[in-house]
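In: Could you work out the structure for the sequence below:
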Amino acid sequence: MAEGVVHLTGASWDSEVAQYKGLVLVDFWAPWCGPCRMIAPVLEELAAEYAGRVKIAKVNTDENSEIAGKFRIMSIPALLFFRDGARVDQIVGAVPKPQLKAKLDALLA
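Out: The predicted model follows:
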């Protein structure tokens, strides 16, 4: 597991996202997904850069289909943004790091 990136399961969702006070970026991904593998190092860098301000988490959709179903994840990677447990935004697809930083900065402002 990458430093600063939390791997979520159905059991940890409530404590790590739903009840968390602050901003959480959740990456819905799968091991077989090429774009998911491309964006993974970017998320690890963001976890370090935004440590203490944004929690970066990942949900393996193959292993946690109930969470993916709850949020109607149809395409991956899907990046969902939560503030104080409520979904506030999303990005579908692999996007460049500057775009992710701009989104995080806007949500933190």
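In: ranges for the strands of this structure?
Out: Remark: strands assigned in the chain by DSSP state E are 5-8, 23-29, 54-60, 78-83, 86-92.
In: in the lengthiest helix in the chain, what's buried?
Out: When the chain is parsed with DSSP state H, its longest helix is helix 34-49. The neighbour-count check on helix 34-49 (16 or more other CB atoms under 10 Å) flags 36, 39, 40, 42, 43, 44, 45, 46, 47 as buried. For glycine as for every other residue, the C-beta is placed from the backbone atoms N, C-alpha and C.
In: what do you get for stretch 8-25?
Out: By neighbour count on 16+ other CB under 10 Å, the buried set for stretch 8-25 is 8, 13, 16, 17, 20, 23, 24, 25.
In: The closest residue in space to the last one that isn't next to it in sequence: what's it in contact with?
Out: Pointing back at residue 25 there. Take residue 25 and drop its neighbours on the chain: the residue closest to it by CB to CB, 6 or more residues apart in numbering is residue 56, 5.2 Å away. With contact set as CB atoms under 8 Å, 6 or more residues apart in numbering, residue 56 has these partners: 4, 5, 6, 24, 25, 27, 43, 44, 46, 47, 50.
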